[in-house]
Each structure stands twice: as C-alpha cells, then as structure tokens.
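1. predicted coordinates and the sequence they were generated for:
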Amino acid sequence: MSEEIYLEKKTGYAIMTINRPKQMNALNTGIVEQIDKLLDEVEADPSIRCLIITGAGEKSFIAGADIGQMGTPGYQPADAHYLITCGYKVYNRVEGLKIPTIAAINGYCLGGGLELAMCCDFRICSANARFALPEIALGIIPGWGGTIRLPRIIGEGRAKDMILRAKRIKPDTALQYGLVTEVFEDVAALRAGADSLAQELAAKAPITMAMDKEMINRSVFTYNDLTDSLALSYCFTTADSREGISAFLEKRTPDFKGR
Ligand code: CO8
C-alpha cells in the first residue's frame, strides 16, 4: 500500500490514515481506489471490530477531492466521471460496513472529506476542525452523497445554509447541529479519544452491532442512487466548473456565467 494511505492494525480495531499533508490530505483517484482495497482487507479480517478513518498531521482531516488533479491539462469529464462513480461506490461501502466506524476529524473537513466522514457512524473532532461542503465555489455539487447525507444528519434548512453558501462551520456549531458527537481540545486528545471509543465499540457483540447499524441506517434511509453522482458528472461538462477549478488553483475569485 502506498505511503499516501495506510492501515494500522491495533488490538481489536484498525486506523486508516490519508497521508497527503501537503495537499491537505485531498483525495485523488489513486487514493479512492486504495480505500476500496483497504476495505477488502478490513472486511476479511474478523479481528478488526472497529475502523477509525483520519488524516495525517494536525491541520487537515481531508480537504475534499484533489482540485489539482481536476485542473491537470487534459483532465476530461470522463476522468471526473470515473472518480465520481468510484467514490460513490466506496463511500456507500464505508456506510454499509458491518463494523462501527469513526471519523477522527483533525482539522479541515471539506467537500469529499465531509462526505466521507458522514458515511461513518461517529464523527468526533479536534477544536481546530472546520466543516464545509464548498463545492458550489468550484461550480460543482457535493455529489459524493453530500446533498443526501448532510440534510439527513443536520436537517434541510441547515444543509441548504451550508451547501448553497459554501458556509464553513466550527466545532461548536457542528456539535449543536449533531454533525459531531464530541469535540476534543487538540489533535492529540482527539487521537486518544478515538482509540478509546474504538476499544469500547470493539468490545461490543459484533452480530448485534451489525444489526443495530443496519436497522438504524435503514430507518433514516431516504434514497441513495446514482442520481447525485450523475449530476456531479454533468457539472464537469460546464464552463463554470472549469472556471471554478482554475480560479481556485490561480488563487482568484471565480467569475461564473451560468453555462
Ligand atoms: N485539492 C488539492 N490541493 C489542495 C486542496 C484540495 N482539495 N485543498 C488545499 N490544497 C492545497 C493548496 O492548493 C495548497 O497547495 P500549494 O501550497 O501548492 O499552493 C495547499 O494545499 C495549502 O492550501 P492553502 O494555501 O489554500 O492553505 P490555507 O490554510 O490557506 O487553506 C483550505 C486551506 C481551507 C483547505 C483551502 O486550501 C481550501 O479551501 N481548499 C479547497 C477545499 C475545497 O474546495 N474542497 C472541495 C473539493 S471538491 C470535492 O471535494 C468534491 C467531491 C467529489 C468530486 C469528484 C471529482 C471528480
């Protein structure tokens, strides 16, 4: 497995770490494919009874999909479509795991990072965490399930306030919204808290745990088909998405034309 993502096995649980700190742990195609492979490993190992997902370092959990990759010359809508559908499948896999999952959010939790965190059963964070689905600023939508899972978790009104305004929120608001269940004073305390929660969950009866998860997920299920992902793929055919991505990479304000 590449050094940009790795799985550490502890007693009773495992920690999956995205390790691209220079890119704020942004997810590119290779990383998403490797998450898929690591999930095979997690599912095949009955000694893993809980999974923690986190980012390396002290600044960022995951700052979303890799905008640099999207801005690479020659990057085509078909490349975006491949990554979108791959992420759609992998994220649903995370949500459907039989073991409990914890997103240990150690800083920026943006776009596809927040969408991945929302597939986890527990979201806990350090005080420096910041949450947003800022895709609209890039001329795209949060099509890795963000438009479905965010309103499911925090309600339609708050989700619209965050998504339509690309609004960034802090841990106190995330706690009030129910987007996280616990806030730790710093990243070291978060990591210790995640280990402790994982140990607690790993000691529970695995069959009951899997059934509880499935029934709770089913009770809040709205719909989860490919529609959002296809809408996101469409966004990548627009001039506005090219403008949004270029503007981010050139560190300027985008000028959207609606085409
Ligand atoms: N992708 C790639 N590189 C990134 C990303 C990212 N998402 N975020 C930050 N970086 C890079 C910056 O380009 C910069 O690189 P460099 O030093 O080479 O210029 C470095 O990380 C540090 O970033 P900043 O200088 O901007 O640091 P700040 O502390 O000022 O800001 C932020 C940090 C707040 C994280 C800021 O960088 C930011 O807003 N990043 C973008 C966040 C974002 O828009 N995320 C959503 C991405 S889209 C998405 O996730 C959609 C999911 C589905 C897409 C499927 C695609 C096909």
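-> On my side now, so go ahead.
2. up against the ligand, what does this structure have?
-> 23-24, 26, 63-68, 80, 83-84, 108, 110-112, 134-135, 138, 143-144 (Cβ under 6 Å from any ligand atom). Where C-beta positions appear, they are placed from N, C-alpha and C, glycine not excepted.
3. type out the ChimeraX command that picks the buried ones from the residues you listed.
-> To isolate the buried ones among the residues of the chain next to the ligand in ChimeraX, judged by 16 or more other Cβ atoms under 10 Å, type:
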select :23,24,26,63,64,65,66,67,80,83,84,108,110,111,112,134,135,138,143,144
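4. out of the residues of the chain next to the ligand, which sit inside helices?
-> 67-68, 80, 83-84, 112 (DSSP state H).
5. pull out the buried positions in the helix or strand bottoming out on mean pLDDT in the chain.
-> Of all helical and strand segments in the chain, the minimum by mean pLDDT, DSSP states H and E falls on helix 227-235, at a mean of 88. Neighbour-count burial for helix 227-235 flags 228-229, 232-233, 235 (criterion: 16+ other Cβ under 10 Å).
6. same question, stretch 117-134
-> Residues 117-126, 128-134 are the ones in stretch 117-134 that count as buried (16+ other Cβ under 10 Å).
7. now do the contacts for residue 166.
-> Applying Cβ atoms under 8 Å, 6 or more residues apart in numbering to residue 166 gives the contacts 132-137.
8. change it to 7 Å
-> For residue 166, the contact set (Cβ atoms under 7 Å, 6 or more residues apart in numbering) comprises 132, 134, 136-137.
9. ok, back up a step: which helices and strands does the least confident helix or strand of the chain pack with?
-> Under the contact definition 3 or more Cβ pairs under 7 Å, 6 or more residues apart in numbering; DSSP states H and E, helix 227-235 sits against helix 77-96.
10. could you look up the SS state of the residue lying closest to residue 235 once chain neighbours are set aside?
-> Spatial nearest neighbour of residue 235, chain neighbours left out: residue 140 (4.1 Å); criterion: Cβ to Cβ, 6 or more residues apart in numbering. Under DSSP: H, G, I helix; E, B strand; the rest coil, the three-state class of residue 140 is coil.
11. check contacts around residue 140.
-> Counting by Cβ under 7 Å, 6+ apart, residue 140 touches 232, 235-236, 241, 244.
12. any idea of the pLDDT on it?
-> We have a pLDDT of 97 for residue 140.
13. ok, the one 5 residues further on next?
-> Confidence at residue 145, expressed as pLDDT, is 93.
14. now do the strands in the stretch 1-150 of the chain.
-> Secondary structure of the stretch 1-150 of the chain (DSSP state E, counting those that start in this stretch): strands located at 5-9, 14-18, 51-55, 60-62, 101-105, 108-110, 122-126, 130-132.
15. out of the ones you listed, which one sits most buried?
-> Greatest average neighbour count among the strands of the stretch 1-150 of the chain goes to strand 60-62 (a mean of 29), per mean count of other Cβ atoms under 10 Å.
16. what's it in contact with?
-> 18, 24-27, 54-55, 105-109, 112-113, 116-117, 129.
17. got CSV for the strands of the stretch 1-150 of the chain, with mean pLDDT too?
-> Shown next, in CSV, are the strands of the stretch 1-150 of the chain (pLDDT from 0 to 100):
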stretch, mean pLDDT
strand 5-9, 98
strand 14-18, 98
strand 51-55, 98
strand 60-62, 98
strand 101-105, 99
strand 108-110, 98
strand 122-126, 98
strand 130-132, 98
